[in-house]
Structure formats: structure tokens, C-alpha cells
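Trainee: Provided below are the primary sequence and the corresponding predicted coordinates.
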Amino acid sequence: MSQRDWADKDYYAVLGVGKDATKDEIKRAYRKLAQKYHPDANEGDSSAEVRFKEISEAHSVLSNDEKRAEYNEFRRLVEAGGERIYGFGPNQGGGVRVNIGDILGDDRVGSIFDDLLSGGGRGFGFRSHGQDLQTETTLSFDDAVQGASLTLNTGTKVRVPPGVTDGARIKVAGKGGPATNGGSPGDLYVRVHVEEHPVFGRGSNGDILLTLPLTFTEAALGARVEVPTIDGSVTVKVPAGSNSGKILRVKERGAPRQRGGTGDLLVKLNVEVPQKLSKPHKDLLRRLAELDEDSPRRHLEGFIDTREPGAKSGAK
């Protein structure tokens, strides 16, 4: 859209903000409307596409201080019927109020505006960088970890680097809003949402999380257990006497890190107590209990009241 159309566009009304709106208020209004009317969220809806373009045009002007000042001045000039004060002298300390329509006739005013807006006048013939846009997409856990190439509903191709996390933004240069007056197009930012995996979780700095269930005997006696990773399997050694919550670290079997290198696989042990026991199992556990000499609750003994129920304490 060229600046000559400013006369017919109230960008403040398009974004639903006042003429004294701050940059933050303009930004918030744009984001809310852009998400609502973005083509990816309204596939096949031509009216939403038109609305989205109007919103992008309005934000492109009002978010830039220089463009906004020129737009405000232009609108003031139009609303005043083409009347403007032109200064003179080195510091423009004086001035004369001139009505263009009075001098040239109303039929010439439109062509004067066209000359100004097409670059013939100073201050209005500027090149504009296109508006940056934002959209969202959802990736599988594997694609986020290993990287992938995908195509958005708009046909834009996006390369997803290995190791992206939920909420990350991917920049696609030159795929945003169109430019004006020969400027460069804006960029597209793709917000990534990553689906959950049935087994793995994501930690920080490329680490992959895995919970490993253990039997009571495996935890007590120790064991060697084969576990999955994102690229095959590996055997981990469970030390004897391991408790639930213990973390085993398998170096460099995690996800690629954004700044190079590979994260680790963190295996969290979870000792599972059997819910049902056969008679032979119960007999073995009773024999084991008889062999236990140290109580794990020894540190609580000083806090346990051993008096008979109903007994009262007090100083004599």
C-alpha cells in the first residue's frame, strides 16, 4: 500500500487504539489482531486475509516513530483542507499559513499530494521495511530433537534446526509483510510447539529425561538394565542400594544443543513395590525382615512418645 492512500485510512481505528497510544499499546493491539486474522488460522477466509493486511499496514506505520509522525502530519493536513504553515529564514522563526486549495484550486490539490507521496516532496518518499509477522506450528518430539523441514499453510518452507525446544522462535528471513517504495520485505517468526513423548522428556541444555522403573530386588542388589535413547539403546548400571529419585547420567546421549555439542540422557530411578505378593514371596520377605538389624527410622526415636495412651505429663 502506497502512502497516497493514507488519506482514506485511519490506522488508529484499524488497530482499535487512540491517537495518543503508546508503542507498547500499539504492539499489544497488533499482536492480538494479527493472531486472530492470520491466514494460517483462517485458511480459505478471504475477508480475514484482507483484514490481516490492513492490520499489518497500520502497525508498519504506527510502530515506526518517523512514519507515525509523517502519517499524523499528513492526516492533519488533509483534515485541515490542505492548510499548512511553511517556515522561512535560517531558523524558520517566522511563517505564513498557506491553503493549497486557495492558490492552485481544489482540482490541483490531489495531484500535489500524489507528487509528495511518490517522492517528489521531502519527508514522504521513504523506503519502508516490510512488517515482521509471526505464526505458530506444532512439531513432533522427534522432529524437534532431530530437526526437520516443513511447509506452512501459506506455502512457506521452514527448516527446523535440531534441538529446538517448546516455545522457541524460528526466523524465516524475507517471508514477512511486503515492503513499500522498494524496501526489503519483513521477516516471518515461527513459534514452535513440541508434542509430548510417551517416554522421554526435555531438560535444560539439550538433556533428555527418562524415568526407569526398577523392581525391589534390582534396586537392592544392583542391576544392568537396557534403556532406550533418542537414537538407539544403551545399557546402564544400577548401583546396589539405589533409591527412587536417584539420577544416572549417560553422557552425550541427549539432544543437540543450540550452541554446539550434545546433551546427556538423565535416567531417574523409580523403585516399584509390588502390590500383590504370593505366599512364597511373603515368606522370603519375612525372613529378610528378621535379618534386618538397623532401622531406617532410628533418627525419629527421640521424638516418639512411648507412654501409655491417656497418660499425662506435667511438672510436680
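Mentor: That came through, no problem.

Trainee: From residue 55, how far out is residue 20?
Mentor: Distance, residue 20 to residue 55, using Cβ to Cβ, to the nearest Å: 20 Å. For every residue, glycine as well, the C-beta is placed using N, CA and C.

Trainee: more crowded one of the two?
Mentor: residue 55 (25 against 7; other Cβ atoms under 10 Å).

Trainee: Tell me which residues touch the more buried one, please.
Mentor: Each residue near residue 55 by Cβ atoms under 8 Å, 6 or more residues apart in numbering is listed here: 14, 15, 30, 33, 34, 37.

Trainee: Go again with 10 Å.
Mentor: For residue 55, the contact set (Cβ atoms under 10 Å, 6 or more residues apart in numbering) comprises 11, 14-16, 29-34, 36-38, 131, 177.

Trainee: Mind checking what helix or strand follows the longest helix along the chain in sequence?
Mentor: Longest helix in the chain by number of residues (criterion: DSSP state H): helix 46-62. Note on helix 46-62: by DSSP states H and E, the next helix or strand toward the C-terminus is helix 65-79.

Trainee: what residues are up against the nearest residue to residue 150 once chain neighbours are set aside?
Mentor: In this structure, residue 150 finds its nearest non-sequential neighbour in residue 158, 5.4 Å apart by Cβ to Cβ, 6 or more residues apart in numbering. Counting by Cβ under 10 Å, 6+ apart, residue 158 makes contact with 135, 137, 148-152, 170-172, 175, 188, 190, 192.

Trainee: check which helix or strand covers residue 158.
Mentor: Taking DSSP H and E as the definition, residue 158 sits inside strand 157-160.

Trainee: from the chain's centre, how far out does whichever helix or strand comes after that strand sit?
Mentor: Following strand 157-160 in sequence order, the next helix or strand is strand 169-172 (DSSP H and E). Averaging C-alpha coordinates over strand 169-172 and over its chain gives two centres that are 10 Å apart (Cα atoms, centre = their mean, to the nearest Å).

Trainee: And stretch 186-205, end to end?
Mentor: Taking Cα to Cα, to the nearest Å, stretch 186-205 runs 31 Å from one end to the other.

Trainee: buried sites along it?
Mentor: Buried positions in stretch 186-205, judged by neighbour count with 16 or more other Cβ atoms under 10 Å: 186, 187, 188, 189, 190, 192, 194, 197, 200, 202, 203.

Trainee: For residue 261, the count of nearby residues, please.
Mentor: Counted by other Cβ under 10 Å, the residues lying close to residue 261 total 12.

Trainee: how about the spatially closest residue to it that is not a sequence neighbour, what does it touch?
Mentor: Counting by Cβ to Cβ, 6+ apart, the nearest residue to residue 261 once its immediate chain neighbours are dropped is residue 206, at 7.2 Å. When contacts are counted by Cβ under 10 Å, 6+ apart, residue 206 is found next to 145, 162-163, 165, 252, 254-264.

Trainee: roughly how far apart are residue 219 and residue 274?
Mentor: Using Cβ to Cβ, we find residue 219 at a distance of 12 Å from residue 274.

Trainee: Give me the more crowded residue out of these two.
Mentor: Higher neighbour count among residue 219 and residue 274: residue 219, with 21 against 10, using other Cβ under 10 Å.

Trainee: Can you verify my assumption that residue 17 contacts residue 63?
Mentor: No - the criterion here is Cβ atoms under 10 Å, and residue 17 misses it with residue 63 at 11.3 Å.

Trainee: For the two, list the residues in contact with both.
Mentor: The contact lists of residue 17 and residue 63 share 26, 30, where a contact means Cβ under 10 Å, 6+ apart.

Trainee: on that earlier part again, quick check: mean pLDDT across the longest helix of the chain?
Mentor: Across helix 46-62, pLDDT averages out at 87.

Trainee: how far off helix 65-79 does it point, in degrees?
Mentor: Going by axes from the mean of the first three to the mean of the last three Cα atoms, to 10 degrees, helix 46-62 is angled at 100 degrees with respect to helix 65-79.

Trainee: Please point out which parts of helix 46-62 sit buried.
Mentor: 48, 51-62.

Trainee: which residues does the residue nearest to residue 23 when sequence neighbours are not counted contact?
Mentor: Nearest residue to residue 23 in three dimensions, chain neighbours excluded: residue 63, at 6.6 Å (Cβ to Cβ, 6+ apart). Contacts for residue 63 (Cβ under 10 Å, 6+ apart) come out as 15, 23, 26, 27, 30, 131, 132.

Trainee: Need the buried ones from these selected in PyMOL.
Mentor: Here is the PyMOL command that selects the buried residues among the contacts of residue 63 (16+ other Cβ under 10 Å):
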select buried, resi 15+26+30+131+132
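
Trainee: burial count for the closest residue to residue 151 other than its chain neighbours?
Mentor: Among residues not flanking residue 151 along the chain, residue 157 sits closest, at 5.3 Å (Cβ to Cβ, 6+ apart). For residue 157, the count of nearby residues is 10 (other Cβ under 10 Å).
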